[in-house]
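1. make a model of this:
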Amino acid sequence: MHYQAINNPKVSREERLSALKAEATEKPGLVKTTGEINNHIHTIYSFSPYTPSMAALKARDAGLEAAGSVDHDSLAAAEEMLSAGASLGIGACVGFEVRVSFTQGPDGPSPFTQRKINNPDSAGILYMTVQGIPRPCFAAVQEFLLPIRAERVLRIQAMTEAANALLIEKGFDEIDFGHEVRDASQYAEGGAITERHLLAAVAGKILQRYGKGSPLVQGLNTTLGIAPGPKIGASLADPENPHYPYDLLGVLKSALLPRIFIQPQEKECIPAQTVVDFARSIGAIPAYAYLGDVGESPTGDKQAERFEDSYLEALFEALARIGYQGITYMPPRNTPEQLQRVRALCTAWGFMEISGVDINSSRQSFTCPEVVSPPFRHLVDTTWALIAHERLGSVDPRWGLFSSENPLAGESLASRLEIYAAAGRALDRHHPEAAAINIVENLRQGRFVYGKG
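-> Residues are numbered from 1 along each chain as shown. Predicted coordinates for the structure are as follows:
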């Protein structure tokens, strides 16, 4: 009963959190903590099967010590995510993901304008995150993102018209944008409308015509010219597949989206410098999302393709000059050689390393065992540093990890990360705000150094 309310997007945030608190009281976590973390969980406020409360619960039940919400063009999940983490006794942090124009560098036109950087759909446009947002700044972030969300809606609406032209030509019913795309999202509650919302509506029309199973696989091929690979084809041929809608959506993202995609303009993908400057002005951490050349896609929605690896050194130099402070990456999605190179460049340019595996499908696991392996265990420490940055900066902006007014600003980044990781672990996970006040006072008096004192 509690699960239904916890993951119900149609009830209020307060109702979900109340149900979560009851679930946590009646059924405390039974899974042994693995020490793992995930800072990049999408929720219903962009596209995901999970409310923030359910995302936190799934994270705890998977054994994670900490989890973070990151939605596209939205921070609407943040309050609920932090409250859910406190109810469950796990660390929690928040951020958002946004696409930005990289056509201008600090000194003029960018050399990356015609390159696909980390975005499979567009050249000169990259994905970035803004992490560790202090709680007093949530409203300012949503106001900053509002025009971006609005521009994206207009583009998705135009793409819906393109999709309808294709569907009608092939004998499918057309999509009602207002009912089947906009109302199926959380746009009215501050969320974003993404390409996945449109593709979910397309998937609904395909399912309406063919149902689940082999007829759908055959229909994709004969009607739309889409031939799923053997693995995903077998999944779609199984009517009992519990992940059916998400598997179908993944196929459509890879094979159908390019036919209807409309390139975003700069009103939607605003300059990278603008987002970096805004993030730093509120004490948040602007981070570049490393993709790397893709071989086989773990989620089935990306094709093998080359991205930023061939010019990574020049790219990191440009990121540093613009003012990025972090690099976020996903250990399961890259080779050891790729990640070793990224880590070396992070050290060279003074970037904080932030990790998390984006989750937007029921098929994806919340676990990430790679982060507790020796090469990546430091990513657990940086997660606790990120949580401490967010909490301490909410008490006093001067205690943000990168604040020029931070009394520890003279320390190396490695030293600050060590101090903040200890501070993050010292937080009372059920009452982190109160604990943060005490930690800030200890830091002010020099009593909290490298976790001792």
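2. tell me which stretches of this structure form strands.
-> Under the criterion DSSP state E, the chain contains strands at 37-41, 66-72, 91-101, 104-105, 108-109, 125-131, 285-289, 326-329, 352-355.
3. let me know the angle separating the third one from strand 285-289.
-> Meaning strand 91-101. Using axes from the mean of the first three to the mean of the last three C-alpha atoms, to 10 degrees, the direction of strand 91-101 lies 70 degrees away from that of strand 285-289.
4. please tell me how far residue 23 sits from residue 199.
-> According to C-beta to C-beta, to the nearest Å, residue 23 stands 32 Å off from residue 199. For the C-beta atoms, the positions are set from N, CA and C on the backbone; glycine is no exception.
5. between the two, who's got more neighbours?
-> With other C-beta atoms under 10 Å as the criterion, residue 23 and residue 199 differ in neighbour count, and residue 199 comes out ahead with 24 against 19.
6. wait, residue 78 sits on residue 94?
-> Yes: under the criterion of C-beta atoms under 8 Å, residue 78 lies in contact with residue 94, with a separation of 4.0 Å.
7. next, show the common contact partners of these two.
-> Residues touching both residue 78 and residue 94 (C-beta atoms under 8 Å, 6 or more residues apart in numbering) are 69, 133.
8. starting at the chain centroid, how far to stretch 414-427?
-> Centre-to-centre, stretch 414-427 and its host chain are 23 Å apart (C-alpha atoms, centre = their mean, to the nearest Å).
9. any weak-confidence spans in this structure?
-> In the prediction, the chain carries residues with pLDDT under 70 at positions 1, 29-31, 296-303, 448-453.
10. the longest helix in it is where?
-> helix 138-169 (DSSP state H).
11. got the end-to-end distance for stretch 121-137?
-> In stretch 121-137, first residue to last residue: 31 Å (C-alpha to C-alpha, to the nearest Å).
12. mind starting the numbering at 542 from now?
-> Okay, residue one is now 542; in that scheme the one you just asked about reads as stretch 662-678.
13. if we go by neighbour counts, what in it is buried?
-> Of the residues in stretch 662-678, those scored as buried under the neighbour-count criterion (16 or more other C-beta atoms under 10 Å) are 663, 665-676, 678.
14. and the furthest pair within those?
-> Of all pairs drawn from the buried residues of stretch 662-678, the widest gap by C-beta to C-beta lies between 665 and 676 and measures 33.9 Å.
15. okay, now residue 706: neighbour count?
-> By other C-beta under 10 Å, the residues close to residue 706 number 12.
16. tell me the helices and strands packed up against the longest helix of the chain.
-> When contacts are defined as 3 or more C-beta pairs under 8 Å, 6 or more residues apart in numbering; DSSP states H and E, helix 679-710 packs onto strand 632-642, helix 736-751, helix 798-801.
17. ok, and what's touching the shortest one?
-> Which is helix 798-801. Counting by C-beta under 8 Å, 6+ apart, residues outside helix 798-801 touching it are 662, 700, 703, 704, 707, 736, 740.
18. my read: residue 589 touches residue 596, true?
-> Yes: between residue 589 and residue 596 there is a contact at 7.3 Å, judged by C-beta under 8 Å.
19. quick one: common contacting residues for these two?
-> Between them, residue 589 and residue 596 share the contacting residues 582, 900, judged by C-beta under 8 Å, 6+ apart.
20. look at these two and report which has more neighbours.
-> A direct count of neighbours by other C-beta under 10 Å for residue 589 and residue 596 places residue 596 higher, at 30 against 24.
21. so who does that one touch?
-> If you count contacts by C-beta under 8 Å, 6+ apart, residue 596 has them with 582, 584, 589, 608, 610, 618, 622, 625, 900.
22. repeat for residue 581
-> Neighbouring residues of residue 581 by C-beta under 8 Å, 6+ apart: 609, 611, 638, 670, 869, 871, 896, 897, 898, 899, 900.
23. domains of this protein?
-> 688-801, 918-994 (automatic domain parsing).
24. show me which pair in the contacts of residue 596 is furthest apart.
-> Across the contacts of residue 596, the longest distance by C-beta to C-beta is 15.0 Å; it joins 625 and 900.
25. so which of the helices and strands packed on helix 679-710 is nearest residue 932?
-> With C-beta to C-beta, the closest approach to residue 932 among the helices and strands packed on helix 679-710 belongs to strand 632-642: 8.7 Å.
26. one step back: in JSON lines: the contacts of helix 798-801, plus distance to residue 925.
-> Listed next are those as JSON lines, based on distance: C-beta to C-beta, whole Å:
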{"residue": "662", "distance to residue 925": "34"}
{"residue": "700", "distance to residue 925": "40"}
{"residue": "703", "distance to residue 925": "45"}
{"residue": "704", "distance to residue 925": "44"}
{"residue": "707", "distance to residue 925": "48"}
{"residue": "736", "distance to residue 925": "34"}
{"residue": "740", "distance to residue 925": "36"}
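27. ok, how many other residues are close to residue 879?
-> There are 18 residues near residue 879, going by other C-beta under 10 Å.
28. excluding chain neighbours, what is closest to it?
-> Among residues not flanking residue 879 along the chain, residue 833 sits closest, at 4.7 Å (C-beta to C-beta, 6 or more residues apart in numbering).
29. and the strands of the chain, which is most packed in?
-> Ranked by mean neighbour count under mean count of other C-beta atoms under 10 Å, those are led by strand 607-613, which reaches a mean of 29.
30. against which helices or strands is it packed?
-> Using 3+ C-beta pairs under 8 Å, 6+ apart as the contact criterion, the neighbours of strand 607-613 among helices and strands are strand 578-582, helix 593-602, helix 619-629, strand 632-642, strand 666-672, helix 919-936.
31. residue 625 and residue 900: who's more crowded?
-> In this view residue 625 and residue 900 are compared by other C-beta under 10 Å, and residue 625 has more residues nearby, 30 against 25.
32. from residue 582, how far off is that one?
-> On the measure of C-beta to C-beta, residue 625 and residue 582 end up 11 Å apart.
33. and if you look at residue 591?
-> Plainly put, residue 591 is 7 Å away from residue 582 if you go by C-beta to C-beta.
34. then residue 653?
-> Counting by C-beta to C-beta, the gap from residue 653 to residue 582 is 29 Å.
35. please apply the same query to residue 858.
-> 31 Å.
36. go on, residue 547?
-> Going from residue 547 to residue 582 by C-beta to C-beta gives 15 Å.
37. please produce JSON lines containing the contacts of residue 581, extended by distance to residue 879.
-> Rendered in JSON lines, the data for those read as follows (distance: C-beta to C-beta, whole Å):
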{"residue": "609", "distance to residue 879": "23"}
{"residue": "611", "distance to residue 879": "21"}
{"residue": "638", "distance to residue 879": "20"}
{"residue": "670", "distance to residue 879": "19"}
{"residue": "869", "distance to residue 879": "14"}
{"residue": "871", "distance to residue 879": "11"}
{"residue": "896", "distance to residue 879": "14"}
{"residue": "897", "distance to residue 879": "17"}
{"residue": "898", "distance to residue 879": "15"}
{"residue": "899", "distance to residue 879": "17"}
{"residue": "900", "distance to residue 879": "21"}
